[in-house]
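Participant: can you look at this prediction? I've put the sequence above it.
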Amino acid sequence: DTEVTQTPKHLVMGMTNKKSLKCEQHMGHRAMYWYKQKAKKPPELMFVYSYEKLSINESVPSRFSPECPNSSLLNLHLHALQPEDSALYLCASSLRTETGSNEQFFGPGTRLTVL
Amino acid sequence: KQEVTQIPAALSVPEGENLVLNCSFTDSAIYNLQWFRQDPGKGLTSLLLIQSSQREQTSGRLNASLDKSSGRSTLYIAASQPGDSATYLCAVEGTASKLTFGTGTRLQVTL
């Protein structure tokens, strides 16, 4: 299995809702990432997990809460989002976070719309 | 702060042409550079990764070069096809595997 999967593909939520995005990989990768991509812009890093521990939080608002229950699974819990949070949320994984030939593999993304 | 720029922002070529996409970065202290393609509304597909110690990488009709000291990379696509139409993104890896992405080049290959 050489892919990263994300569910759901699309999500519409109100500003008072609580929802979660899910990401899964079975490549034995020990680093997982969340990115946010607005229309016609490059992806921006949100969080990095290394060996199931949060290693980087790029000053993301607390209404986004990441979780890494095990080495194959990464969640992003959403609560009290704003319409400007509407974007494509991308998950990625790599073998590890130690620098080197650390190729990142991306999932297909979740298209989030906040009403 | 690392800044990555891609030129041109958009490109339209007829099928069969060879083409070059450019990527430049301001901080040469990188560990590797990765090229991706992204179809509209989709995720990113990794095309090539060049380690900082390498000069180029090839995969099929794609060839990527890296000149770390001058902060430049190019992606060469040979014999372009309509299926190559997509946005191409370069990204440089800094510390802790943080990727900084370029602004992207939107490529259209016409029949």
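Facilitator: Perfect, I can see it now.
Participant: alpha carbons only for contacts and neighbour counts from here, please
Facilitator: Will do.
Participant: ok, and the closest non-adjacent residue to the residue in chain A that chain B sits nearest to?
Facilitator: Nearest residue of chain A to chain B: A:P108, at 3.9 Å (Cα to the nearest Cα). Using Cα to Cα, 6 or more residues apart in numbering or on different chains and skipping the chain neighbours, the partner closest in space to A:P108 is B:G43 (3.9 Å).
Participant: do B:C23 as well
Facilitator: Nearest residue to B:C23, sequence neighbours excluded (Cα to Cα, 6+ apart): B:Q6, at 4.5 Å.
Participant: can you verify the one you found is assigned to a strand?
Facilitator: Yes: the assignment for B:Q6 is a strand, going by DSSP: H, G, I helix; E, B strand; the rest coil.
Participant: give me every residue that touches it.
Facilitator: Contacts for B:Q6 (Cα atoms under 8 Å, 6 or more residues apart in numbering or on different chains) come out as B:21-24, B:89-90, B:102-105.
Participant: and the spatially closest residue to A:C91 that is not a sequence neighbour, what are its bridge partners?
Facilitator: Nearest residue to A:C91 in three dimensions, chain neighbours excluded: A:W34, at 4.7 Å (Cα to Cα, 6+ apart). Bridge pairing for A:W34 (DSSP bridges) gives the partners A:F47, A:C91.
Participant: would you confirm that A:W34 contacts A:S93?
Facilitator: No: applying Cα atoms under 8 Å as the test, A:W34 and A:S93 come out as separate, 9.0 Å apart.
Participant: any idea how far the closest residue to chain A within chain B lies from B:G71?
Facilitator: Residue nearest to chain A within chain B (Cα to the nearest Cα): B:G43, separated by 3.9 Å. Using Cα to Cα, to the nearest Å, B:G43 is found at 26 Å from B:G71.
Participant: still on that earlier bit, distance of the residue nearest to A:C91 from A:P43?
Facilitator: For A:W34 relative to A:P43 (Cα to Cα), the value is 10 Å.
Participant: what touches both of those two?
Facilitator: With Cα under 8 Å, 6+ apart as the test, A:W34 and A:P43 both reach A:L90.
Participant: where does A:E84 sit: helix, strand or coil?
Facilitator: Of the three states, A:E84 takes helix under three-state DSSP.
Participant: how about it, nearest residue that isn't a chain neighbour?
Facilitator: The spatially closest residue to A:E84, leaving aside those adjacent along the chain, is A:V114, at 7.6 Å (Cα to Cα, 6+ apart).
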